[in-house]
Every structure is written in structure tokens, then in C-alpha cells.
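Chemist: sequence and predicted structure, then a few things I'm wondering about:
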Amino acid sequence: MALFAVLYSASTIASASSPVIYSINVNSSNPLLAKVKIDTSTLPDITMLASRTMRNNIQPELICQRAGLPDRSIDFGSSISCDSVVWTLNFQKEAIEGVDASLQNNIYSPADGWHLLTEWNSLPRIKGMNNVQVCINSDNPQCQKLPSISSPPLFMVWGMAGKELNVDGVPVHVMTNQKQLLQQDSTWLPILSNQISYIKSVFNVDKMEPWSLVWLKREVSSGSIGGAAGNQIYIANVATENGRLISKSYQHLLKISAHESIHFLSSISAPVWADESLAEYYAIKSLSKTVYSLPDPIESWQRMAVKFPHGGTNLYEASRFVTEEQNYEYYGLFYTKGPAFWAELDKQLHLKGDSLTYHLSELKTEWEVNLPPQFVDAMIKKIGAKDWARIESKYL
Ligand SMILES: [Zn+2]
């Protein structure tokens, strides 16, 4: 009977509709630090699980606070009872050359006063608690749901200039630290709207929820201009020189924005080589017939193949190096040789009055590295075994 009572009370609490709040306060004297506090006083006992991680396994040190007792540290995976759980978040200073969006680090800008928080290595979870709100207590308080671990990560930005836009009928909150972009939205907004509309039709997206996009300036001289997709938010770098837009800025920005939008909108769950190369291929396509159109991926690859690191390695093999050996020297092939593969395949399909777009649904299945047999069969049927074999040996 006693056991039943305990179980009953635990399940009542777990199913209660009120969310668990991760309350975040930036340290007023050192904005590179913030404190996260969870009120766990209504939970009989909790088990903390490690945060999702990227690049390393570093976790915050969690502290259990209880009235009248000294603070004690919490071990992940073991049950404990606390009035509250607290830990410290660290932010890196925005570098002079800007933030590399693809690294997805926690960043604070001393110059502009904004923060970027990413879930990676920062937000441990309470076992069994799926209803979690992460709340920033700033001048403009905001809360976001902590996404499930099968969803893209949580990114939150506060203190950055922004505006509400309508992109192809969808409310989009644009934030940027490159002020010219907000002043000159007629230069890119109509094109971005068309790109999103094109991507929605290619990837068969019928409904879109509001989302945010964050454009962070990044000096071209840094050599890395990237992006990252989060949960209903993505980050893209804007190429700058001494903080100013250059002629290539819009082209880069719109291409990366389309690439990240595809990650966000596509429901194809493909291995990383195909996921990245498809996003890149359709991002390039989304800009064709605009003033920002990019060179044909087949020609681009032909030009760079000879001197490209591991240019002779095909995509399946590169994929294994990356996923099995974490050898990221091969990663660049997914954005260069990968789009050339899709472009060449699509070109052959077009010669037969067909299109890759009509076959994307054949990729909506579970697959590891090699393209799914149903997709390969469909390609052979359309373009013929000889052309398929040629493309396969050239790229795959
Ligand atoms: Zn990507």
C-alpha cells in the first residue's frame, strides 16, 4: 500500500501539465557567465541526465540545493532529492572576426550586448521530464520549449537587433548583428521569400510554424563562413570585410539560409553525406535565375577537384571516414563533390524528361550510407544502367 502511494504521487507529479522551468540569469557583473536554476521542490526525487553534446563531452557541474543542508554536487544518472538544481553556463566572447555559426558555441558580444545560447554541453535534462521551458530573465524575458532529443537543438538569442518579417506567408523573426541588412531588406527579402517557396514545393512542406533566423557577421578573411540549424531557428554567417557587407555577402547569406532552411523543412532523414549534399544542391538551385545565382556545381567541382583535400575519395567512403572515424577532413566533400553528384544525376534525369525532385520521396526511408535500393532502381530505370554506373563510379 505504501509503495502504491509513492508511485501514485510520483506519477501525478510527472503528468502534471505545468512545465519545469530552467530559469537563466546572466551575471550582471560578468555577462560571460549565467546561472541556470530549476525549482525541483515539488519533485520527490530526480535523476539528471547529461546534456546533448557536440565535439566534446564536457558537462556542467550540477549543484543540489536543499534548505538547511550544505550544497552537494549531483552525479548524472543517480537519483537525488533537491529543492533546486543550479549550474553555471559559460559564454565565449564574440571574436573580432565574428562568430563561426557552424561551431554552435555559447557566445556573448561585449560590443553589442547580445547572447547566443545553444543547448550543446549546456542543458542537462531531468529524466522523464519532457515538458521543459528554458526562460531567459533579461530586459525582454523569453521562454522556449526544450526540444526532444530527437529534434534539432535549442538555440536562443537575446539582446540582438531584429525585425518581424513575412517570408512566403510565414512569420519569421530575423535577428542580426549586421545592421545594414535590416536597413536594406528589399535587397534580399523578395529573393529569400522565393527561395523558401521553392524549397517548400521541392520538399513537399505544407505547413510551417513561425521560425527565427539569426545572421551573424563573419570576416571573409577568417576562411569559414557557415551556418547551423536549430529547433525552429537557424544561424547563418554573413560574409563581411571590416564589418561591412561585400558584393558576395548576399549570395553567401541567401545560399546558407536556404541550406539551413532545407535542414529545417525537409523530412528526409538521410546519412550526413546525403543530408548535407542535398541541402547544398537545392540551396544552389534556389538561387538559379536570380541575380545571386551560383556556378553549376558540376563545373565548380571539376575546377576544384584536383587540389581539393581527398578529392579522389568518393562519397560513400568519405561518409564512413566521417561517421566511423570522426575524420572531418572528408567533410568538405559533402558540400562540393556531393552537390556535383546530385547535379549530374538531375541533369541526366532532365534529359529523360524527369527530375530529381520527383524522386526525393524514394529517399524517405531508413538508410545508412549507400543510397536506398528503391532509389537506385528508379534511377537505373530512368537514365539507364550505363549512365548510372558512370555517375556511381565518378562520385559514390
Ligand atoms: Zn548543413
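Modeler: Right, received. Where do you want to start?
Chemist: by contact count, what packs against the helix ranked longest in the chain?
Modeler: For the chain, the helix with the greatest residue count under DSSP state H is helix 249-265. Other helices and strands packing on helix 249-265, by 3 or more C-beta pairs under 8 Å, 6 or more residues apart in numbering; DSSP states H and E, are helix 189-202, strand 211-219, strand 227-230, strand 233-241, helix 272-286. Quick note: C-beta positions are derived from backbone N, CA and C, even for glycine.
Chemist: between those, which one is closest to the ion.
Modeler: Of all the helices and strands packed on helix 249-265, it is helix 272-286 that lies closest to the ion, at 4.7 Å by C-beta to the ion.
Chemist: up against the ion, what does the chain have?
Modeler: Counting by C-beta under 5 Å from the ion, the residues of the chain close to the ion are E276, A279.
Chemist: what ranges do the helices span in the chain?
Modeler: Under DSSP H, the chain gives helices at 2-15, 179-183, 189-202, 249-265, 272-286, 297-304, 315-325, 337-351, 373-383, 385-395.
Chemist: present those as a markdown table; the columns should include mean neighbour count, distance to D45 and mean pLDDT.
Modeler: Formatted as a markdown table, these follow (neighbours: other C-beta atoms under 10 Å; distance: least, C-beta to C-beta, whole Å; pLDDT from 0 to 100):
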| stretch | mean neighbour count | distance to D45 | mean pLDDT |
| --- | --- | --- | --- |
| helix 2-15 | 10 | 8 | 41 |
| helix 179-183 | 15 | 48 | 90 |
| helix 189-202 | 18 | 46 | 91 |
| helix 249-265 | 23 | 37 | 89 |
| helix 272-286 | 23 | 38 | 96 |
| helix 297-304 | 16 | 55 | 96 |
| helix 315-325 | 17 | 38 | 93 |
| helix 337-351 | 21 | 48 | 98 |
| helix 373-383 | 16 | 49 | 96 |
| helix 385-395 | 14 | 54 | 97 |
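Chemist: and the helices and strands packed on helix 249-265 as CSV, adding distance to R125?
Modeler: Below are the helices and strands packed on helix 249-265 laid out as CSV (distance: least, C-beta to C-beta, whole Å):
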stretch, distance to R125
helix 189-202, 32
strand 211-219, 23
strand 227-230, 17
strand 233-241, 19
helix 272-286, 24
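Chemist: tell me the contacts of S300?
Modeler: Counting by C-beta atoms under 8 Å, 6 or more residues apart in numbering, S300 touches L294, T336, P339, A340.
Chemist: quick one, what contacts the spatially most central residue of the chain?
Modeler: Geometric centre of the chain, nearest residue: A229, 1.8 Å, by C-alpha atoms, centre = their mean. Counting by C-beta under 8 Å, 6+ apart, A229 touches P152, E260, H263, F264.
Chemist: identify the bridge partners of it.
Modeler: A229 has these beta-bridge partners by DSSP bridges: Y234.
Chemist: state the distance from it to S319.
Modeler: Here A229 is placed at a distance of 19 Å from S319 (C-beta to C-beta, to the nearest Å).
Chemist: and if you look at L349?
Modeler: As judged by C-beta to C-beta, L349 and S319 stand 23 Å apart.
Chemist: what of P171?
Modeler: According to C-beta to C-beta, P171 stands 37 Å off from S319.
Chemist: again with D71
Modeler: To S319, D71 is 46 Å away according to C-beta to C-beta.
Chemist: how about S224: what's its closest non-neighbour residue?
Modeler: Counting by C-beta to C-beta, 6 or more residues apart in numbering, D100 is the residue found nearest to S224 once chain neighbours are left out, at 5.1 Å.
Chemist: for N242, same thing?
Modeler: Counting by C-beta to C-beta, 6+ apart, N242 lies nearest to E219, which is 7.7 Å off, once chain neighbours are set aside.
Chemist: correct me if wrong: the one you found contacts T240.
Modeler: Yes. E219 lies in contact with T240 (C-beta atoms under 8 Å); the separation is 5.9 Å.
Chemist: pick out whichever of these two has more residues nearby.
Modeler: With neighbours defined as other C-beta atoms under 10 Å, E219 and T240 compare such that T240 has more, 23 against 18.
Chemist: gap between the closest residue to Q180 other than its chain neighbours and L253?
Modeler: Nearest residue to Q180, sequence neighbours excluded (C-beta to C-beta, 6+ apart): L245, at 5.3 Å. For L245, the distance to L253 (C-beta to C-beta) stands at 9 Å.
Chemist: same deal with Q326?
Modeler: The gap separating Q326 from L253 is 30 Å, by C-beta to C-beta.
Chemist: what of P152?
Modeler: Here P152 is placed at a distance of 20 Å from L253 (C-beta to C-beta).
Chemist: do R66 as well
Modeler: As judged by C-beta to C-beta, R66 and L253 stand 50 Å apart.
Chemist: give me the pLDDT for D83.
Modeler: Per-residue pLDDT puts D83 at 97.
Chemist: that one touches L43, doesn't it?
Modeler: No. D83 is beyond contact range of L43, at 9.8 Å (criterion: C-beta under 8 Å).
Chemist: so which of these two has more stuff around it?
Modeler: Neighbour count, other C-beta under 10 Å: between D83 and L43, L43 has more, with 20 against 15.
Chemist: on that earlier part again, what sits in contact with each of L245 and L253?
Modeler: Overlap of the contact sets of L245 and L253 (by C-beta under 8 Å, 6+ apart) consists of L181, V238.
Chemist: the nearest residue to K127 once chain neighbours are set aside bridge partners, please.
Modeler: Distance criterion C-beta to C-beta, 6+ apart; nearest residue to K127, sequence neighbours excluded, is T47 at 4.0 Å. Applying DSSP bridges to T47 gives these bridge partners: S79.
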